[in-house]
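1. what follows is a protein structure lacking sequence information:
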């Protein structure tokens, strides 16, 4: 697993979303170069793995990076898929986690409405009748067979159970118009994470940290200052 390191000071580890890379969060990471040791992790989504991977593989990869860099206490700033990794890591390794910032984070089990169940039913019927079902999301269609297996494993590994007894100081930042990880998920995070604060960006979507870059940086700086 690749990574880049900048600056000196208390470590901040940035974990990007699915399909991104180490530079995906550079816009909000760069302002911390002067005050912190910034670690930008690259989850290798652009590479084709030889075997299907799971969420714990990515958590293990981050742990390997922390061990290599001798990091024992860091902040984790996580967007979307990166939130899955950050939540599980903070739950299982609280001694490594000084604090957590979840930005439009994935990982919680979504509400399943009638439309979802109808699509599952239709997919199975079409697969039986013609040999293949619905094509799936754009993200899914763009993947190789091994990446598809990884994608299925990851998106069906929910982190709800990782929130139990998780007291990591957590800042939750969310776009009110996020359709990928809807706002009800932010409220669930706020409710289940015992030591958390929620800030919602009005009119922002799933990439709220880019749409509200200045506000995001300010919120993270305040959060870190309050938890020093």
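-> Ah, there it is. Treat the numbers as computed from the prediction; the structure is a model and nothing was measured.

2. excluding residues flanking it in the chain, which one is nearest residue 93?
-> residue 63 (7.0 Å; Cβ to Cβ, 6 or more residues apart in numbering). Every C-beta, even on glycine, is put in place using the N, C-alpha and C of the backbone.

3. quick check: mean pLDDT across the helix or strand where that neighbour lies?
-> Per DSSP states H and E, residue 63 falls inside helix 55-68. Averaging pLDDT along helix 55-68 gives 96.

4. other SSEs contacting it?
-> strand 11-15, strand 37-42, helix 81-92, helix 145-155 (3 or more Cβ pairs under 8 Å, 6 or more residues apart in numbering; DSSP states H and E).

5. the residue nearest to residue 93 reaches residue 89, doesn't it?
-> Yes: counting by Cβ atoms under 8 Å, residue 89 is a contact partner of residue 63 at 7.2 Å.

6. what about the two, which has more around it?
-> residue 89 (26 against 15; other Cβ atoms under 10 Å).

7. tell me how far that one lies from residue 33.
-> 23 Å (Cβ to Cβ, to the nearest Å).

8. okay, the nearest residue to residue 87 once chain neighbours are set aside: pLDDT?
-> Computed as Cβ to Cβ, 6+ apart, the closest residue to residue 87 that is not its neighbour in sequence is residue 159, at 4.6 Å. With respect to pLDDT, residue 159 scores 94.

9. can you count the residues close to residue 159?
-> By other Cβ under 10 Å, the residues close to residue 159 number 21.

10. residues contacting it?
-> Taking Cβ atoms under 8 Å, 6 or more residues apart in numbering, we find residue 159 in contact with 84, 87-88, 91, 107-108.

11. endpoint to endpoint, stretch 192-208 covers what distance?
-> 22 Å (Cα to Cα, to the nearest Å).

12. repeat that for stretch 198-218.
-> Stretch 198-218 has an end-to-end distance of 14 Å (criterion: Cα to Cα).

13. list of residues touching it?
-> With Cβ under 8 Å, 6+ apart as the test, stretch 198-218 has contacts from 25, 27-28, 31, 79-80, 103-104, 171-181, 183, 186-187, 189-190, 219.

14. buried ones in it?
-> Residues of stretch 198-218 classed as buried: 198-201, 204-210, 212, 216-217 (neighbour count, 16 or more other Cβ atoms under 10 Å).

15. would you mind measuring from residue 43 to residue 154?
-> Noted for residue 43: a distance of 10 Å to residue 154, by Cβ to Cβ.

16. ok, the two, which is more surrounded?
-> Higher neighbour count among residue 43 and residue 154: residue 43, with 26 against 21, using other Cβ under 10 Å.

17. give the contact list for the nearest residue to the more buried one once chain neighbours are set aside.
-> With sequence-adjacent residues excluded and distances taken as Cβ to Cβ, 6+ apart, residue 43 is closest to residue 58, at 5.9 Å. With contacts defined as Cβ under 8 Å, 6+ apart, residue 58 is in contact with 1, 43, 84-85, 154.

18. which residues of the chain fall in helices?
-> Using DSSP state H, the helices of the chain run over 26-29, 55-68, 81-92, 114-130, 138-141, 145-155, 183-192, 208-211, 213-226.

19. ok, back up a step: for the helix holding residue 63, what is the distance to the chain centroid?
-> From the chain centre to the centre of helix 55-68 is a distance of 14 Å (Cα atoms, centre = their mean, to the nearest Å).
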